[in-house]
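Peer 1: Fold the stuff below for me.
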Amino acid sequence: MASSTSTNPLPLNDRDAIVTRSSRGIGQVIATHLAELGAKLVINYASNSDQANLVATQINSRYPSDCPRAVTVKVDVSDPAQVKFLFDSAE
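Peer 2: Numbers count the residues shown, from 1 in each chain. Okay, here's the model as predicted:
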């Protein structure tokens, strides 16, 4: 018997997500997974802009649209003013 409820194939469609330290490691895996679920991403990095840009390029290439699915922002998350900038970048 088929279920009467439908599942959303992209449960995070057009939601904004900020993933800190997402240019590598577990942050990169989380960012990629959120993109698979439809989220628009802010890829935060501390020092490796090349790696952050690579992650964003991979996500944007995999999910092409009129505007990028992922953008990169260099921010020191220990600085409150920079954290505010990070959140402003997600809007």
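
Peer 1: Residue 32: what's it in contact with?
Peer 2: 55, 58-59 (Cβ atoms under 8 Å, 6 or more residues apart in numbering). For every residue, glycine as well, the C-beta is placed using N, CA and C.

Peer 1: Looking at these, spot the one nearest residue 39.
Peer 2: The closest of these to residue 39 turns out to be residue 59 (Cβ to Cβ; 9.8 Å).

Peer 1: Look at the closest one and tell me its secondary structure.
Peer 2: helix (DSSP: H, G, I helix; E, B strand; the rest coil).

Peer 1: count of residues packed around it?
Peer 2: Applying other Cβ atoms under 10 Å, we find 24 residues neighbouring residue 59.

Peer 1: Okay, and the beta partners of the nearest residue to it once chain neighbours are set aside?
Peer 2: Spatial nearest neighbour of residue 59, chain neighbours left out: residue 70 (4.1 Å); criterion: Cβ to Cβ, 6 or more residues apart in numbering. As for beta bridges, residue 70 partners with residue 41 under DSSP bridges.
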